[in-house]
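Colleague: Return atomic coordinates for the entry below.
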Amino acid sequence: NGKLSDVILFTHRVSAGWFPFVELRTESGSIQLSKDHFIYANGKLKRAGDVAVGDYLSTSLNQPVEVLSIGSVMEEGLFAPHTMGGDIVVDGFLASTYTAFISPTLAHALLGPVRALYRASRGSWNMLGSSLELDDSVLRQTARQSFAYLSQRTIHSHS
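Modeller: Coordinates of the predicted model:
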């Protein structure tokens, strides 16, 4: 929609260490991201590792640009910010804040309470938000609990 969304938390914020990234190169620039992060390719979310030469990435202006080449690079640091809307602009390209670890739809639903807290505490969030981080294990545990709860509800509702 062209509107920027606030970053509300990081599930990774590791500044030390070198990590493998996919580099997607276009005529208008390049983006490096983990192979499991989603990016808008051909108008749909696609794992960066599945993007192919000839696919079209969406720019921040929603303009399609063709992927001309793909490479692998090692970069220092690993960061995974999450925004209110679930999308983010990185190096001029529209990407998702979600990874293939959990489907974007489920991840967005699981982070609903965090978004609600962000909205409710708008005035003091900057102090909290700068240090708010969720480990992948927190997301995994939340997903397991949600699935268990939904499974119980489904079983009981059919009894």
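Colleague: Spell out, range by range, the helices that occur in this structure.
Modeller: For the chain, applying DSSP state H gives helices covering 104-110, 112-120, 125-129, 136-157.
Colleague: Tell me what the closest residue to residue 93 other than its chain neighbours is bridged to.
Modeller: The shortest distance from residue 93 to any non-neighbouring residue, by Cβ to Cβ, 6 or more residues apart in numbering, is to residue 31 (4.6 Å). For the C-beta atoms, the positions are set from N, CA and C on the backbone; glycine is no exception. Assessed by DSSP bridges, residue 31 has beta-bridge partners residue 24.
Colleague: right, and residue 31 touches residue 94 too?
Modeller: No. Contact between residue 31 and residue 94 fails when scored by Cβ atoms under 8 Å: they sit 9.8 Å apart.
Colleague: Quick check: neighbours shared by these two?
Modeller: Contact with both residue 31 and residue 94 is made by residues 39, 57, according to Cβ atoms under 8 Å, 6 or more residues apart in numbering.
Colleague: More neighbours: which of the two?
Modeller: Set residue 31 next to residue 94 and count neighbours by other Cβ atoms under 10 Å: residue 31 wins out with 23 against 19.
Colleague: So that one versus residue 74, what's the distance?
Modeller: Plainly put, residue 31 is 15 Å away from residue 74 if you go by Cβ to Cβ, to the nearest Å.
Colleague: repeat for residue 45
Modeller: Counting by Cβ to Cβ - residue 45 and residue 74 are separated by 25 Å.
Colleague: For the two, indicate the residue with more neighbours.
Modeller: Neighbour totals were compared for residue 45 and residue 74, and residue 45 leads with 19 against 10 (other Cβ under 10 Å).
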